[in-house]
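Peer 1: this one's structure only:
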């Protein structure tokens, strides 16, 4: 089974039943796994170059997960060799007043990739069916409406040339405890700590259920969810880099044809 | 004389009189120069981390130069080790219809850096006092008005916490000939070639004069122009990386203070 099949959301996936420490792609040697991540990242960088030259299709990568799940770390590792001109990352924070006064897809839409662009969403429109749901700011009916809005939006993006890849980085509650504590124990990392994270942590079970429903409601062939066990940072990178590399290979990218009419131009 | 003094625009700088092949920082050993660029890029990456943690000031880097001057290559080299989350690059193309229906600073303003952000402009609002000037779409009076608009705009950005660095990448006409021809001679690079570049090349002398006036009119202590001889790619990277590293060092960046009230929090 290839990585895209292996990590693709299944109908029976329930976040709370899943093992966040699974490492199905691992060689069981961390150093080997790391070197494979490095090779994959180099392949991704080379493929991005062709993708950019082609300048036809668009790629939107969505990363979702609880606090400390490793969204930033994933971007750093997987795109470490990619031309900084070739990717654009957007970290969506809590919406501003102006953003709240529009529909929830408004601030997302103008950030979607243009032709030749890879855009990585560090959090996304999926926050809008998670945070307000868990905090009961919207009711289940409103949430269902948003799932439908998201399905329509992503189908439109797909129909207009966007390849969509969505990753849920699944960490265990205990792994999050360790990662948050590490931020507190190192005074140098205090600036990364937000007390609000502890408030959200109290709602852990509710988030698990909200994620489960959201994943099941918004998975589609043209906008698949990949569910990544993410307690191991190295294996998380390995899994995501493999899915992205395989997707790029599957796109059958090719440099544009040489132009015969250019062959005899002499620059003076 | 340090690099910032060395490359800072002088009152007597006239593009057409300057030597684009000068290499004042070079060790005269290309391999050594390259390894220094690598070290500088690593320093910039480490400093960016503190700059981001500080989350207070903003950095706007403007790259200007004739076609093939090496704006893309500079970004690749100088920021090769910088966290992809830490920088945002914007390539400004010919303005769209909607953009043209606004003032020329409209599309620039919403792309300026937020706190903790380094934004690199690959071309910028300076195109609007170059292309239309050389093609006589605006008259000298209109152009002077735009210089004043730019001065006011950049002063406001500076006063609200933005460190501005502007680089003019100066290549010779002969160096451009070689670089354009290389794109034509390699069928794999045809997609990088735009016949319009040959039309602009015919206006070389006019561009030299437009650049000279623009540089002199918009240089300021808070928004300095650095004029970089750019026929040598390695030395160009060396010069720009040095100026950026020195600027970051001069900002006296520091990680935020540890929080005493965080010291005893236990995550449960």
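Peer 2: Okay, I see it. The shown structure was predicted, so the numbers you read here are calculated from the model rather than taken from an experiment. Numbers count the residues shown, from 1 in each chain, chains lettered A, B, ... in the order given.
Peer 1: from what I can see residue A:14 touches residue A:215, true?
Peer 2: No. Residue A:14 is beyond contact range of residue A:215, at 9.4 Å (criterion: CB atoms under 8 Å). Any C-beta I mention is one placed from the backbone N, CA and C, and that applies to glycine too.
Peer 1: helices along the stretch 151-268 of chain A, start to end?
Peer 2: A:173-185, A:196-201, A:204-218, A:233-250 (DSSP state H, counting those that start in this stretch).
Peer 1: deepest of the ones you listed, which one?
Peer 2: Ranked by mean neighbour count, the helices of the stretch 151-268 of chain A are led by helix A:233-250 with a mean of 22 (mean count of other CB atoms under 10 Å in any protein chain shown).
Peer 1: quick one: work out the angle between that helix and helix A:173-185.
Peer 2: 110 degrees (axes from the mean of the first three to the mean of the last three CA atoms, to 10 degrees).
Peer 1: give me the mean pLDDT for helix A:233-250.
Peer 2: Model confidence over helix A:233-250, given as mean pLDDT, is 98.
Peer 1: tell me which parts of the stretch 51-200 of chain A are close to chain B?
Peer 2: In this structure, the stretch 51-200 of chain A approaches chain B at residues A:53, A:55, A:72, A:75-76, A:79-80, A:82-85, A:87-89, A:91, A:122, A:177, A:180-181, A:184, A:187-188, A:190-193, A:198, judged by CB under 8 Å from any CB of the partner chain.
Peer 1: buried subset of these as a PyMOL selection?
Peer 2: Buried members of these can be picked out in PyMOL with the line below, counting by 16 or more other CB atoms under 10 Å in any protein chain shown:
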select buried, chain A and resi 53+72+75+76+79+80+82+83+84+85+87+88+89+122+180+184+190+191+192+193
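Peer 1: which of the residues of the stretch 51-200 of chain A next to chain B fall in strands?
Peer 2: Among those, the members falling in strands (DSSP state E) are A:87-89, A:91, A:122.
Peer 1: quickly find the element holding the spatially most central residue of chain A.
Peer 2: With distances taken as CA atoms, centre = their mean, the residue of chain A nearest its centroid is residue A:63 (2.3 Å). Taking DSSP states H and E as the definition, one finds residue A:63 inside strand A:58-65.
Peer 1: list the pairing partners of that strand within its sheet, with orientation.
Peer 2: strand A:118-122 (parallel), strand A:162-170 (parallel) (DSSP bridges).
Peer 1: residue B:250: which of those strands is closest?
Peer 2: strand A:118-122 (30.4 Å; CB to CB).
Peer 1: helices and strands around whichever helix or strand comes after that closest one, which ones?
Peer 2: Downstream of strand A:118-122, the first helix or strand assigned by DSSP H and E is helix A:131-134. Counting contacts by 3 or more CB pairs under 8 Å, 6 or more residues apart in numbering or on different chains; DSSP states H and E, helix A:131-134 packs against helix A:204-218.
Peer 1: what does the helix it packs on rub up against?
Peer 2: Contacts with helix A:204-218, where a contact means CB atoms under 8 Å, 6 or more residues apart in numbering or on different chains, come from A:9, A:11, A:13-16, A:64, A:66, A:126, A:129-130, A:133-134, A:144, A:147, A:150-151, A:154, A:166, A:168, A:173, A:200, A:225, A:227.
Peer 1: between it and strand A:162-170, how many degrees?
Peer 2: 160 degrees.
Peer 1: let me know the average pLDDT across helix A:204-218.
Peer 2: Averaged across helix A:204-218, pLDDT comes to 98.
Peer 1: repeat for stretch A:177-192
Peer 2: The model assigns stretch A:177-192 a mean pLDDT of 93.
Peer 1: same check, this time on stretch A:29-47
Peer 2: Confidence over stretch A:29-47 (mean pLDDT, whole number) is 98.
Peer 1: pull out the buried residues from it.
Peer 2: A:33, A:36-37, A:40-41, A:43-45, A:47.
Peer 1: and that stretch, how far out from the chain's middle?
Peer 2: 18 Å (CA atoms, centre = their mean, to the nearest Å).
Peer 1: could you do stretch A:25-36 as well?
Peer 2: Using CA atoms, centre = their mean, the offset of stretch A:25-36 from its chain centre is 22 Å.
Peer 1: what does stretch A:194-212 give?
Peer 2: On the basis of CA atoms, centre = their mean, stretch A:194-212 sits 19 Å off its chain's mean C-alpha point.
Peer 1: end to end on it, go ahead and measure it.
Peer 2: Start and end residues of stretch A:194-212 are separated by 25 Å (CA to CA, to the nearest Å).
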